[in-house]
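J.: could you work out the structure for the sequence below:
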Amino acid sequence: GAFGNANALSTTYTPAASEYGTTITLTFTTNDPAGPCAAASDALQLTINTLPIVFAGPDTQICENGTLDLTSLGASIDANGSGVSTGTWSTNGTGTFQPTNAFPPGAVTYVPSAADIVDGSITITLTTADPAGPCSSVSDALALTFRGEEALVCNDTVQVSIDGDGISEVYPDMILEGTFTDQFFQVELYNGINFVGNTVDCGDIGKVLTVKVIDICYGSYCWGHITIEDKWAPTVLCNDVVIPCTVDYNNVPFPIATDNCDAFPEVELTGQTILADDLCVDNEVVVLRTFIATDNYGNQSAECTQTITIDRPDFVDFPNDIQWECSVYNQNPAVVDATFSGSGIPGNIDGEYCMYNYTHSDQILGACGTTFKIVRTWTVLDWCTGQVVTSNPQGEDNIQIIKVVDTTPPVVILPPYNVPANIQGVHPQPCTSIGFLQAADITDACNTWTVRIFTPVGEANYVNGVDGAQGGFIPSPGLGLGTHIIHYQAEDACNNI
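T.: As a prediction, this is how the structure comes out:
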C-alpha cells in the first residue's frame, strides 16, 4: 500500500489490492536523535477486511402492465472472503417483492404499483447483509423503466439479406419505422396465407413475404412486406503450394470458394506474376496468382493471392539399368527407346524452370542369338552452373545398361506314338525295333534351336545327320517290345534347354 505522507504524524494509508483480507504491520520510526541514542519506533497491526461484491443486474424495461422477473437479471452476491453472500431487495418505488424481498432465494418477482408506473421509472437496489467488523453493507442498483404504448408503423417494403450461415432472423427493428426495443415485439412471416415463422433462408431468395409485427405488451400490430435477397459475398480460400519443376503450374487446381447460398461459386484467375529472376540463385521460381469468386447472385469476394513455389531438383535421377525379355522386345521394340515409357530418361529435370537439358548416345553390343546389349550414355547439362552432370549423391551415374535377353527354353510338344518292331526275333531273343522316331513340334519365342533325341539304348541316328529336327532312328541293338521313354532335348541359341 501507500502512505499519504510517510513523514507526517497524521496521515493516511491506502492498502494495496493484494493486502485485502490480510493483517499487516504499520511502523512509525523517529529520526535518529543527536548523541548515543538510537531512533525509536512503534508498530500497530492493521487488519484489512474484504467487502462482498454485489451485482443487481442491468438497467431494464418492462411493459406498463407487466412484472419484473428478478431471476432473469443475473443478480449475484460474491462473498469475496467477507463471509457474506446474502442480502435483500429494496426499491424507491411502492411496488412489492414476491414472495419476499430476501436474496437468495426469496424474491422472485417485483410487482410495480400504479404510482411506480405513473413515475415512469424506479430504482431497485440489492444490498448485502452487514459483514462482521467495521465495514458496512454493500449495494448495487438498477433502473427499472416502464414502456408505454406506442403507435406502430411498418415499412412497406424491406430488403432482407441472407446471413453468412445461410439463414436470417427477421427482427422487429428491421421492419418498424423509428427506434424500438426488439424484446417487446414479435415478428410473424407469411407466404401468402401460410405462416412460415420469423426466419428466412437461401430457398427464400427472390420471394416477397408478408410480415406482421406485434406489440407483445398491448397486442397492437402493423403489416409490411419483405423481399429476400443475397448480398453475402463468397470467400476464396487460397492455399500456398510447392511443386517440383516437372509439374506445370497451370495444372495446379484453383482455390476452393465457399458461400452461404451457392455450393459452387465460380473462381476466376484475375492476375498472375512470375518471379524467376533469382531461379539459379534460390533454385526456385515463385508464381503469384490472384483470384476472386462470384456466386450465382453476382456477389463477388475479396481478392485472394495464392503462392506457388516451383523447386529445382537437388540432383539428377539417372535411369536405372534395365533388362527386357526378348519376347517382350519382339512384341514392342520401343521398350528399349530413350523415353519415359521405354527404358527411361533422366528424372526430375523435365520442365520449363528445371534449367536442364540432356541427350544420349547408344553403343549396341550383340549377344547370343538375337539378343543384344545397349550401353547408353546420358549427357546432362545444368544450365545454371554450365556443368555436365555425370552422377548423383545416390551413387547413380550417367551410364545405363539395357539388356535384351533370352532366358526361356524352347517348348517341345510330341504326343505318345507307336514304332513297329522291324527286326524279327530268333528264339530265345524277342523281336526288336530300330524304327523311325518322329520329329517333335518345337517352338522358341526368340531364337533358333537344335534338338537331340535320346533312347534307352543311346542317341538316335538322325535323318539329317545333325540333329533330330527331322526325326531319327532307334540305334542298334534296338528296343524291345513294350513302352519306352524317349527324351527330346531342345537347346536354343542362348543355351536354354
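
J.: sketch out the low-pLDDT regions of the stretch 301-450 of the chain for me.
T.: Along the stretch 301-450 of the chain, no part satisfies pLDDT under 70.

J.: excluding chain neighbours, what is closest to Leu275?
T.: Val286 (4.3 Å; C-beta to C-beta, 6 or more residues apart in numbering). Bear in mind the C-beta positions are built from the backbone N, C-alpha and C, glycine included.

J.: the one you found and Ala493, how far apart?
T.: The gap separating Val286 from Ala493 is 59 Å, by C-beta to C-beta, to the nearest Å.

J.: rewinding a little: identify the bridge partners of the residue nearest to Leu275.
T.: Leu275, Thr309 (DSSP bridges).

J.: what residues are up against it?
T.: By C-beta atoms under 8 Å, 6 or more residues apart in numbering, the residues touching Val286 are 274-275, 307-310.

J.: of those, buried ones?
T.: 308, 310 (16 or more other C-beta atoms under 10 Å).

J.: which one of the contacts of Val286 sits closest to Pro346?
T.: Ile310 (18.3 Å; C-beta to C-beta).

J.: ok, that closest one touching Asn283?
T.: No: contact criterion C-beta atoms under 8 Å: Ile310 and Asn283 do not qualify, at 9.7 Å.

J.: count the residues that sit near Ile162.
T.: Applying other C-beta atoms under 10 Å, we find 22 other residues in the vicinity of Ile162.

J.: that one and Asp32, how far apart?
T.: Counting by C-beta to C-beta - Ile162 and Asp32 are separated by 81 Å.

J.: which residue is most remote from the mean position of the chain?
T.: His427 (97.1 Å; C-alpha atoms, centre = their mean).

J.: SS state for that residue?
T.: coil (DSSP: H, G, I helix; E, B strand; the rest coil).

J.: quick one, what contacts it?
T.: Counting by C-beta under 8 Å, 6+ apart, there are no residues that His427 touches.

J.: now the residue positioned nearest the centre of the chain: how far from Gln306?
T.: The structure's the chain has its C-alpha centroid closest to Asn239; by C-alpha atoms, centre = their mean the separation is 10.5 Å. To Gln306, Asn239 is 7 Å away according to C-beta to C-beta.

J.: shared neighbours of the two, anything?
T.: In contact with both Asn239 and Gln306: Pro255, using C-beta under 8 Å, 6+ apart.

J.: for the strand or helix carrying Tyr329, packing partners?
T.: Counting by DSSP states H and E, the element that carries Tyr329 is helix 326-331. Secondary-structure packing of helix 326-331 (3 or more C-beta pairs under 8 Å, 6 or more residues apart in numbering; DSSP states H and E): strand 399-405.

J.: what's the strand it packs on in contact with?
T.: 318-326, 329, 336, 343-344, 367, 371-378, 494.

J.: what pairs with Asp382 across the strands?
T.: Beta-bridge partners of Asp382, as defined by DSSP bridges: Tyr356, Gln387.

J.: and Asp116, which of the three is it?
T.: Assignment for Asp116 (three-state DSSP): helix.

J.: all numbers from here: first residue = 265
T.: Taking 265 as the first residue, the last one we looked at is Asp380.
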